[in-house]
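Asks: Pasting the sequence and the predicted coordinates here, then a few questions.
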Amino acid sequence: MTSLPDILSAPPASGCSNPPILRERGQREVFCGLTGIMWLHRKIQDAFFLIVGSRTCAHLMQSAAGVMIFAEPRFATAIIEERDLAGLADANEELDRVVMRLLERRPDIRLLFLVGSCPSEVIKLDLSRAAKRLSERVAPAVRVLNYSGSGIETTFTQGEDACLAALVPSLAAAPADAPESLLVVGVLADAVEDQFRRIFAEIGIRHVDFLPARKANAMPVIGPGTRYLLAQPFLGETARLIESRGGQRIAAPFPLGAEGAAGWIHAAGAAFGIAAAAIDAAIAAPLERARKAVSRYRDMLAGRRIFFFPDSQLEVPIARFLHRELGMELVEVGTPYFHKDHLAADLALLPAGTAFSEGQDVDRQIDRCRKAAPDIVVCGLGLANPLEAEGMTTKWAIELVFTPIQGFEQAGDLAELFARPLNRRARLEV
Amino acid sequence: MQLTVWTYEGPPHVGAMRVATAMRDLHYVLHAPQGDTYADLLFTMIERRSKRPPVTYTTFQARDLGGDTAALFQTACHEAYERFKPKAMIVGASCTGELIQDDPAGLAKAGGLPIPVIPLELPSYQKKENWGAAETFYQIVRHLAGPHALPPNSARPVRAAGEKPRCNLLGPTALGFRHRDDVRAISGLLERMGIAINVIAPWEASPADIARLGQADFNVVLYPEIAGPAAQWLKRSFGQPIVSTVPIGVGATRDFITEVARLAEMDPAPFLKAEESRLPWYSRSVDSTYLTGKRVFIFGDATHAIAAARVAREELGFEVVGLGTYSREFARDVREAAARHGIEALITDDYLEVEAKVAELQPELVLGTQMERHIAKRLGVPCAVISAPVHVQDFPARYSPQMGFEGADVLFDTWVHPLMMGLEEHLLGMFRDDFEFHDGAAPSHLGHASKAPARAAEPVIEVAAPAMPEAAAPAAEDGPTGWAPEAEQELRKIPFFVRGKARRNTESFAGQRGIRLITVETLYDAKAHFGR
């Protein structure tokens, strides 16, 4: 059975601790950070996300999920118009007016995020001042925070990082005599969160919080006794701010696949002084279930060659899972941003010589992909059908963000996401 | 600033992409930040195109803004030319690109590419998608066909004897509502009339095709929202008249044939006789009697909304109770059309306003866009989609035009199928208390929409209560009107698919007369007052 020491203190000699990385700075076929609102607004149930941006931002939001959803959601766009730019209207007054109208319409809202976009950043609209000003007006019923999801600063999942980073300074300080507590950081599906809660309780970690909480008034406290565990690999800025408030990171592989989930739980347990054997006993059953569920797809995936276009920053831990637990061969692992510290435990488990790339020059990467002729390509929605039409098998990367894939009980689902496109191609005879 | 939840149109550069993606050998270099590339998926996912749109984005980032974004743009132009070898290029900026004021037009000109480079000025903070498509198409036509324009005040050369009359088909783009099938329907119709098609544009036209637009005798404008300005310019520069009837519906298709025949100097009678639609007979057949006077609400782009109103009234015998558009550029035409139906047009791009109107008017059928489909689903009203904005469902695998006589047949089917079939309606009335025909047993055609609007297959992520306009709420709030138990009992005998309407009508009837307690008498008084 894999336990923490195997994973963290003794990485395989062949691991990828400091791999060479191909850095590209051409056209990037990626989403901007605004897209994160899609899952953030589902997670924080009384939060509203108001993008201050252009018609393009609004259009992105209704197109990004691949479907158009026309209920009244908890996000909207305040579209900047010509008169705002020409100085005919005071942009701040306009923003206040829009926010007040919105809050009137939605009295259920407790937390409002003003979300910066490319145009609001370029015209230097100061949303942090706006958030402060509006907070004073609408407190205590509503808290107003701001972050930027603009494409010039954030790529896709970095939007979640920016959002959580905006929350950290607003968290209450833990009392000086507070016991050590575990803070799990990063959006997880509610069901996954509940599974982890049960496991932490079973191994004896008593104080466990999740950031973000499901309700605005239930956000965790933070202080020097906070030991935090990242649930997602794209939270660099959030981590930095948690540390500035005294939190200490628990280094761990990300909880993807049986091995990742085990390593993650073990790391948390060790940080709280819990014996590895006790943890092994507590996770034996789910770990066995996860291994069994994953093994079902091994025949279909073992030896298959996979190519990752950059998308969510989940690429490295997913590549680790596919390689270690399903025997897939990694042709290229592209990621928008390579956070070496946070990925250290995952990198250590990857074979030496794995080809990594950071950033993108999409046409050149497509050339490399065609030349490598992989068995399956992980890419964004803009590329998937064109590559399929060329005869490649693809997996939409966005599904990896919208589907619960973390933890023991989801390990099999994660494997299935990669098996399905191959399975489908094998079935079709026309 | 405008608070927007959902939008009917994208930004103008998406309109430009629709033109570029429809064409061949044309490339679009767009000065835009990373993230704007989302627009590719509109074409590859919604329309299921097998190729990426011919668009290169500069995808500048914050760190580039301090440096030389202009150089980034020039490099992007050169690399796009080298890689894709287009025959012409359009260049411009998205909303953020516009703000950094790099002058893509000047930069591209200075770049010295050996192909025509057409600059686009698309003001993102004023205009929208359809305007962007129209402006882009106009600029492409003016730049590429312009050099061949007739000298001022000269007449068109006369067609040689025995030569077929020729026309262009203007307006179809990528991501258009059934443009793919309308092109086939109308080019087939014109060819059967003995008219040659010179160029179809932008649909699959190359820059060389655009250059020879002037060789046609006249222009057919299928989508005025997109091809209007280009057709006007062609009229001025080449003296080409415009066929302005949009052939949606049987009557409009007949008018279209007549108008085309006049310009082609031929007799329309044989074609009018030869071409057939099933719609007129299906509408007259007795099962269709139940369609009489059905109250229909129509919303879409101007062209489709106006055409749908005519078909609804003249060809299906519906009553048009609402007509509107999000195309502000065509507000006047829609107002005029609405006046012909004796109603006031709804001109708005705020879908909440449209929803409130639908709830207020309580139509029996909604003809709208995908947005109205969702509105109708929530209000439990049958709906058919007649216009963009589009959804993956609007690109059916089968041939399914909106235009011409085949298109009219498609309209009949798609508008009538969401409604109760005549015989089914009759049976439901007869057996309304039958144990199998109870309220909970949804009629076959409505599926989930009638009784329990529970979990649809579609990912409706959230249904928030505040969006439901007050008009649809039960009226007993501050207790003015109540129902006597016998009246409630009687109400339950009314078929469930009209019961909501009967309840609302009765309550408003009682409210207006200050009646506090609705009795069986009140119910039937109201029924007599409102008619059917």
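Replies: Noted; the coordinates are in hand. Residues are numbered from 1 along each chain as shown, chains lettered A, B, ... in the order given.

Asks: With chain B as the reference, measure out to the residue nearest to A:Leu164 when sequence neighbours are not counted.
Replies: Here the nearest residue to A:Leu164 in space, its sequence neighbours aside, is A:Thr238; by CB to CB, 6 or more residues apart in numbering or on different chains that works out to 4.2 Å. C-beta coordinates here come from the backbone N, C-alpha and C atoms, glycine included. In this structure, A:Thr238 lies at 19 Å from chain B, with CB to the nearest CB, to the nearest Å as the measure.

Asks: you'd agree A:Thr238 is up against A:Thr157?
Replies: No: at 11.4 Å, A:Thr238 does not count as touching A:Thr157 under the criterion of CB atoms under 8 Å.

Asks: okay, those two: which has more neighbours?
Replies: Ranked by neighbour count (other CB atoms under 10 Å in any protein chain shown), A:Thr238 and A:Thr157 place A:Thr157 first, with 27 against 24.

Asks: How much space separates the more buried one from B:Arg504?
Replies: A:Thr157 sits 47 Å away from B:Arg504, going by CB to CB, to the nearest Å.

Asks: And for B:Pro152?
Replies: As judged by CB to CB, B:Pro152 and B:Arg504 stand 63 Å apart.

Asks: who's more crowded, the two?
Replies: Each of B:Pro152 and B:Arg504 has its neighbours counted (other CB under 10 Å); B:Arg504 has more, 16 against 7.

Asks: my guess is that one contacts B:Gln362, does it?
Replies: Yes: B:Arg504 is within contact range of B:Gln362, at 6.7 Å (criterion: CB under 8 Å).

Asks: What's the local residue count around the closest residue to chain B within the stretch 51-200 of chain A?
Replies: Ranked by CB to the nearest CB, the top residue of the stretch 51-200 of chain A for proximity to chain B is A:Gly151, at 2.7 Å. The number of residues packed near A:Gly151 is 34, by other CB under 10 Å.

Asks: Are we agreed that it is in a strand?
Replies: No: secondary structure assignment (DSSP: H, G, I helix; E, B strand; the rest coil) places A:Gly151 in coil, not in a strand.

Asks: show me the contacts for it.
Replies: For A:Gly151, the contacting residues are A:32-34, A:117-118, B:33-36, B:59, B:61, B:96, taking CB atoms under 8 Å, 6 or more residues apart in numbering or on different chains as the criterion.

Asks: pLDDT value on it, please?
Replies: The model reports A:Gly151 with a pLDDT of 96.

Asks: Quick check: closest non-adjacent residue to it.
Replies: Once its chain neighbours are removed from consideration, A:Gly151 has its nearest residue in B:Gly35; the separation is 2.7 Å (CB to CB, 6+ apart).

Asks: B:Lys357 versus that neighbour, what's the distance?
Replies: Distance of B:Gly35 to B:Lys357, given as CB to CB: 34 Å.

Asks: and what of A:Phe234?
Replies: Computed as CB to CB, the A:Phe234 to B:Lys357 distance reads 43 Å.

Asks: which of those two has more neighbours?
Replies: A side-by-side neighbour count of A:Phe234 and B:Lys357, using other CB under 10 Å, places A:Phe234 first with 26 against 20.

Asks: Tell me who's in contact with that one.
Replies: Taking CB under 8 Å, 6+ apart as the contact definition, A:Phe234 lies against A:157-158, A:160-161, A:312-314, A:337, A:339.

Asks: just the buried members of those?
Replies: Under a neighbour-count criterion of 16 or more other CB atoms under 10 Å in any protein chain shown, the subset of the contacts of A:Phe234 counted as buried comprises A:157-158, A:160-161, A:312-314, A:337, A:339.

Asks: quick check, nearest of those residues to A:Asp194?
Replies: If you rank the buried ones among the contacts of A:Phe234 by distance to A:Asp194 using CB to CB, A:Glu160 comes first, at 20.0 Å.

Asks: Which residue, other than its chain neighbours, is closest to B:Lys127?
Replies: Looking at B:Lys127 with CB to CB, 6+ apart, the closest residue is B:Pro12, at 4.7 Å.

Asks: The one you found contacts B:Ala134, doesn't it?
Replies: No: checked against CB under 8 Å, the pair B:Pro12 and B:Ala134 is beyond contact range at 9.4 Å.

Asks: which one of these two has more residues nearby?
Replies: Summary of the neighbour comparison: B:Pro12 and B:Ala134, criterion other CB under 10 Å, with B:Pro12 having more neighbours (31 against 24).

Asks: Tell me the predicted confidence for that one.
Replies: Residue-level confidence at B:Pro12 comes out at 98, pLDDT.

Asks: Which residue in chain A shows the largest distance from the geometric centre?
Replies: Here chain A has its C-alpha centre computed as a mean, and the residue farthest from that point, by CA atoms, centre = their mean, is A:Leu88 with 39.8 Å.

Asks: Go ahead and list the helix or strand containing it.
Replies: Here A:Leu88 is covered by no helix or strand, with elements defined by DSSP states H and E.

Asks: count of neighbours near residue 42?
Replies: I went with chain A, as the question did not name one. Counted with other CB under 10 Å, residues neighbouring A:Arg42 total 18.

Asks: you looked at the wrong chain, it should be chain B
Replies: Using other CB under 10 Å, B:Leu42 has 24 neighbouring residues.

Asks: what sits against it?
Replies: Here B:Leu42 is in contact with A:63, B:10, B:14, B:17, B:175 (criterion: CB under 8 Å, 6+ apart).

Asks: Please identify which of those is nearest to B:Leu72.
Replies: Nearest to B:Leu72 among the contacts of B:Leu42, counting by CB to CB, is B:Met17 at 19.8 Å.

Asks: my guess is that closest one meets B:Thr56, correct?
Replies: No: B:Met17 is not in contact with B:Thr56 according to CB under 8 Å; the separation is 11.6 Å.

Asks: who's more crowded, the two?
Replies: Between B:Met17 and B:Thr56, counted using other CB under 10 Å, the more crowded position is B:Met17 (29 against 25).

Asks: In terms of helices and strands, where is the more buried one?
Replies: Secondary-structure assignment from DSSP H and E places B:Met17 in helix B:12-22.

Asks: Good, wrapping up.
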